[in-house]
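S.K.: The following comprises the amino acid sequence and a computationally predicted model.
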Amino acid sequence: MAGNFLHLLLLLPLLIILSQTFPTTGETLTFLKSVKLNPMKLRTEKLSHFRFYWHDIISGPNPSVVNIIQPPAKNKTSATGFGMVNMIDDPLTVKPEAGSRLLGRAQGFYGLASQEEVGLLMAMNFVFSTGKYNGSTLTILGRNPVFEKVREMPVIGGSGLFRFARGYVQASTHSFDLKTGDAVVEYNVHVLHY
Ligand SMILES: *[C@@H]1O[C@H](CO)[C@@H](O)[C@H](O)[C@H]1NC(C)=O
Ligand SMILES: *[C@@H]1O[C@H](CO)[C@@H](O)[C@H](O)[C@H]1NC(C)=O
């Protein structure tokens, strides 16, 4: 009797493993499959730092920004522009000069999301067009109080060479034309990726 009990104890781990491998329902889940811990035969994760300039061009014949939402007329007086949303397809260049080498574009939108100051909610994809990064993207979603010296926003993901990316950007205004609204912003991007 005691011997049988001991056998059962020894078998217990095996029984547990078997019951997990072959669920009693007998159903096979075809839409979901566990993959190996290292799904992409990934090398070690690395930290990359990029620096480039983001051009938000409102004036001139080829603006890179369009206003897509205006707040209701009764709220338009807000000094912080609260409620406005712009869609962007902004060039990203190596240097602050507009004509310098193009690295990619920032596509997405920003909304004026603060009643107290000029504070943007930014949702944009950096899509790169150079070298091995051609076609790879990084997604930025964060808060941008534009009059602060350095604004930090999260990098929440990426595609292509930036699969599994996470990190942050630090944005600081390089130049801002009060008359036209045109802005050049330096972006320092720190991302962990494979
Ligand atoms: C929008 O305007 C109305 C009418 O002036 C005002 O009562 C309301 O507080 C405003 N809302 C915001 C979010 O500014
Ligand atoms: C980037 O990829 C696109 C689409 O695959 C291709 O047309 C273009 O020539 C590539 N550019 C560079 C600089 O490799």
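M.R.: Cool, the structure landed. As the structure is a computational prediction, the values presented were derived from the model and not from experiment. Ligands and ions are numbered 1, 2, ... in the order given.
S.K.: List, one by one, the residues from this protein near ligand 1.
M.R.: Listed as neighbours of ligand 1 in the chain under the rule C-beta under 6 Å from any ligand atom: 74-75, 78. Glycine gets a C-beta too; all of them are placed from N, C-alpha and C.
S.K.: Please give me every residue in contact with residue 144.
M.R.: Contact partners of residue 144, counting by C-beta atoms under 8 Å, 6 or more residues apart in numbering, are 110, 119-122, 151, 153, 171.
S.K.: quick one: what helix or strand has it in it?
M.R.: Using DSSP states H and E, residue 144 falls within strand 137-145.
S.K.: buried residues in that strand?
M.R.: By neighbour count on 16 or more other C-beta atoms under 10 Å, the buried set for strand 137-145 is 137-140, 142, 144.
S.K.: Same question for stretch 187-194.
M.R.: Of all the residues in stretch 187-194, those buried under the rule 16+ other C-beta under 10 Å are 187, 189, 191, 193.
S.K.: what mean pLDDT would you report for it?
M.R.: Per-residue pLDDT values over stretch 187-194 give a mean of 96.
S.K.: List of residues touching that stretch?
M.R.: So stretch 187-194 is in contact with 40, 42-54, 92, 126, 138, 155, 158, 161-172, going by C-beta under 8 Å, 6+ apart.
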